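Enquirer: Below are the sequence and a predicted model for it; my questions follow.
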Amino acid sequence: MTGPDLLDPVRAAHDLIGWTLLVDGVGGPIVEAEAYHETDPASHSFGGERVRNAAMFGPPGRFYVYRSYGIHWCLNIVCGPPGEGAGVLIRAIEPVAGVEVMRRRRGLDDARLLSAGPGRVGQALAVGPELSGTVADLRPPDRRRRVVAAPRIGISKAVDHPWRFLDPDSPYVSRRLPRRPVTSPP
DNA sequence: AGTATGATTGCCT
DNA sequence: GGCAATCATACTG
């Protein structure tokens, strides 16, 4: 087996934390990801295959790229089996490979802002629609990481599913965890 | 720290 | 016409 288990998108979003994602040699370990699938009202694949989401119904391990808010290009890894319409949104990576290229593309110095968020990942890795349907370059983790689940961000439907996964120890996530439980004992 | 707003484009009702 | 898997900026406290 040369890649992560991509059959179930929720498991895949969890297991992809720590895997290094590269686009033309630029990238780093995934530290935040979200699962989406066809029976999920928040998913672009909800309601079946169309022209724009076709890549999501292709074979697992490839990219699905979409335009967000008319401005950003965001990157997903398709999960399978083929035809399922499932995927994992890459929400944040740690800038490790090609950091200077990422800085130039982002017009920023601060490493924490280079790729913390799906739109920022898209800009840092020069993601465009032509990437949709191509095979993702994934490399195995070089160390173990903690992984925690949290609600997904930026959606208005199916908001309660804890299908966002992140490394709570990484400073390169788009949003850190809530510091304390909402209610605490006296 | 939290909250608000504009940018921008394609798909949907 | 409304809305979106977002971000940067400009406020307020």
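Expert: Cool, got the structure. Remember, it's a predicted structure, so these values are computed and weren't measured experimentally.

Enquirer: Export only the CA atoms of whichever strand or helix holds A:Arg105, formatted as CSV.
Expert: Assignment of secondary structure by DSSP states H and E places A:Arg105 within helix A:99-106. Listed in CSV are the C-alpha atoms of helix A:99-106, where the atom choice follows Å, rounded to 0.1, in the frame of the first residue of the first chain:
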residue,chain,number,x,y,z
VAL,A,99,8.6,28.0,1.5
GLU,A,100,10.2,30.9,-0.4
VAL,A,101,8.0,30.1,-3.4
MET,A,102,5.0,30.1,-1.1
ARG,A,103,6.0,33.4,0.4
ARG,A,104,6.3,35.0,-3.0
ARG,A,105,2.9,33.7,-4.2
ARG,A,106,1.3,34.9,-1.0
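
Enquirer: Name the residues of it that are buried.
Expert: If you call a residue buried by 16 or more other Cβ atoms under 10 Å, then helix A:99-106 has these buried ones: A:99, A:101-103, A:105-106. Quick note: C-beta positions are derived from backbone N, CA and C, even for glycine.

Enquirer: And for stretch A:48-55?
Expert: Using 16+ other Cβ under 10 Å as the burial criterion, the residues of stretch A:48-55 that qualify are A:53, A:55.

Enquirer: swap in stretch A:154-167?
Expert: For stretch A:154-167, a neighbour-count test (16+ other Cβ under 10 Å) marks A:155, A:158, A:161, A:163-167 as buried.

Enquirer: Repeat that for stretch A:109-122.
Expert: For stretch A:109-122, burial by neighbour count (16+ other Cβ under 10 Å) applies to A:111, A:114-122.

Enquirer: Is there any residue in it that contacts DNA strand C?
Expert: Yes: for a cut-off given as Cβ under 7 Å from any atom of the strand, stretch A:109-122 has contacts with DNA strand C, namely A:113, A:117-121.

Enquirer: Now secondary structure, distance to A:Val78 and pLDDT too, for the residues you listed, in CSV please.
Expert: CSV is the format used below for the residues of stretch A:109-122 next to DNA strand C (DSSP: H, G, I helix; E, B strand; the rest coil; distance: Cβ to Cβ, whole Å; pLDDT from 0 to 100):
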residue, secondary structure, distance to A:Val78, pLDDT
A:Leu113, helix, 28, 97
A:Gly117, coil, 21, 98
A:Pro118, helix, 16, 98
A:Gly119, helix, 20, 98
A:Arg120, helix, 21, 98
A:Val121, helix, 16, 98
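
Enquirer: And the furthest pair within those?
Expert: A:Leu113 and A:Pro118 (13.5 Å; Cβ to Cβ).

Enquirer: Up against DNA strand C, what does chain A have?
Expert: Going by Cβ under 7 Å from any atom of the strand, the residues of chain A near DNA strand C are A:34, A:36, A:42-45, A:56, A:64, A:66, A:68-72, A:74, A:76, A:87, A:89, A:106, A:108, A:113, A:117-121, A:152-156, A:174.

Enquirer: Among those, which are located in helices?
Expert: Mapping the residues of chain A next to DNA strand C onto helices (DSSP state H) picks out A:106, A:118-121.
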